[in-house]
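Asker: I'd like to go over a predicted model; first the sequence, then the structure.
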Amino acid sequence: MTTTQIMRRILLWGAVLAGAVAVVGGIVGWVLAAGAGVASALVGTALAIVFCMLTAASIMLALKASRGQMVSGAFFGIVLGGWLLKFVLFIVLVLVLGDQEWLHRGVAFGALVAAVIGSLVIDCVVIATSRQPLIDSEADDETQGRPASGARA
C-alpha cells in the first residue's frame, strides 16, 4: 500500500467512526439534554473529523512537498505545522465554545473523546495492517535477498 492509500483508508474509516459517534452521541445527547445535547454531540463529532482530516492532509501534503522523502526538513516542518495549527485551533474553539449556553459540555466532551480515541485506534489498525515493505526494492534486487558482501548476518 502507498501512503496515499493508507491515508484514504484512514479517512474512510474515520468517516464511518464519525457517523457512529454522531448517532450514538446524538441519542445520548437527546436523553441528557434534548436538542442542546444533539447539537453538542454533532459539534464534538465535527471537531474530531476536522482534526483527523488535518492530520491526513498534512501528511499527504508533506509527502508531496518532500518528494516522498519522509526524512527531510520539509516533511517534518509541514507535519509539525499541521500539529501546531490543530493545537491553536483547539484552544480557540474551546475558548469560543466554552461560554455558549446552547452547548452541553459533557455531551460535546464525550463525543469528542470517543471520536479521538476511535480515530487513534483506526490509525493504529490501518497502519499495522498496511503491509508496508521494510526494505528497498533496489537493495533487494542487488543482493537477491542475501546480506551484502562484507556484511554479517
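Answerer: The structure has been received and is ready for your questions. Predicted, not measured: the structure shown is a model, and the values here were computed from it. Residues are numbered from 1 along each chain as shown.

Asker: please pull out the lowest mean pLDDT helix or strand from this structure.
Answerer: helix 137-143 (a mean of 54; mean pLDDT, DSSP states H and E).

Asker: just give me the longest helix of this protein.
Answerer: Taking DSSP state H as the criterion, the chain has its longest helix at helix 3-65.

Asker: give me the low-pLDDT residue ranges for the protein?
Answerer: In the predicted model, the chain carries pLDDT under 70 at residues 132-153.

Asker: contact partners for the most centrally placed residue in the chain?
Answerer: With distances taken as C-alpha atoms, centre = their mean, the residue of the chain nearest its centroid is Cys52 (3.6 Å). Neighbour list for Cys52: Ile10, Leu11, Gly14, Ala18, Ala115, Ser119 [criterion: C-beta atoms under 8 Å, 6 or more residues apart in numbering]. C-beta here means a position set from N, CA and C on the backbone, and glycine is covered the same way.

Asker: same check on Val16?
Answerer: Val16 neighbours (C-beta under 8 Å, 6+ apart): none.

Asker: neighbours of Met53, how many?
Answerer: When neighbours are counted by other C-beta atoms under 10 Å, Met53 registers 15.

Asker: the closest residue to it other than its chain neighbours and Asp99, how far apart?
Answerer: Nearest residue to Met53 in three dimensions, chain neighbours excluded: Leu11, at 6.9 Å (C-beta to C-beta, 6 or more residues apart in numbering). Separation of Leu11 from Asp99 (C-beta to C-beta, to the nearest Å): 32 Å.
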